[in-house]
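Asker: model this:
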Amino acid sequence: MKQFELFTMIYYILDDVWDESKDYDLGQFLSGANPFLFEDIGSAVPDIYEDFKTKIPSIIDIGDSYKVAVEYMKSVESGKYLNAFLSVSEDEWIECVKDYLSEPHKC
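Answerer: Modelled structure (predicted):
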């Protein structure tokens, strides 16, 4: 999977958590990280995606993608949103990734 696909999947997970929690800080992060605001590959606040790209390999094996995502989440806001991300198990993540990658999407 490509960097942007991983970024988008992380966004989807955190957005699901936000839908239930309405956590203000998480909502602020998601507003900046939104990968759908513009047609290009990136985030609403370009620095967020640019920072992400410096921490993530350009191609990620699906089997390693959960671990890579967890490592990235540890770096975001000093791990502030890690627990939100960890609300999904690795097995659930892999299933979601496979579903996402099987559908047409921006990459």
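Asker: quick one: Val88 is in a helix?
Answerer: No. Read with DSSP: H, G, I helix; E, B strand; the rest coil, Val88 is coil and lies in no helix.
Asker: 31 is where my numbering starts, stick with that
Answerer: Right, with 31 as the first residue, what we last looked at is Val118.
Asker: my read: it touches Ile43, true?
Answerer: Yes. If you go by CB atoms under 8 Å, Val118 and Ile43 touch, sitting 5.3 Å apart. In this view, the C-beta of every residue, glycine as well, is placed from N, C-alpha and C.
Asker: which residues do those two both contact?
Answerer: Residues touching both Val118 and Ile43 (CB atoms under 8 Å, 6 or more residues apart in numbering): Cys126.
Asker: quick one: contacts for Lys104?
Answerer: Here Lys104 is in contact with Leu112 (CB under 8 Å, 6+ apart).
Asker: relative to Pro134, how far out is it?
Answerer: With the distance defined as CB to CB, to the nearest Å, Lys104 ends up 31 Å from Pro134.
Asker: same deal with Met39?
Answerer: Separation of Met39 from Pro134 (CB to CB) stands at 15 Å.
Asker: which of these two has more neighbours?
Answerer: Met39 (22 against 5; other CB atoms under 10 Å).
Asker: contact partners of the helix or strand where the more buried one lies?
Answerer: Assigned by DSSP states H and E, Met39 falls within helix 33-51. Contact with helix 33-51 is made by 53, 56-57, 59-60, 63-65, 71, 73, 79, 82-83, 86-90, 95, 98-99, 102-103, 111, 114-115, 117-118, 123, 126-127, 130-131, 135-137, as judged by CB under 8 Å, 6+ apart.
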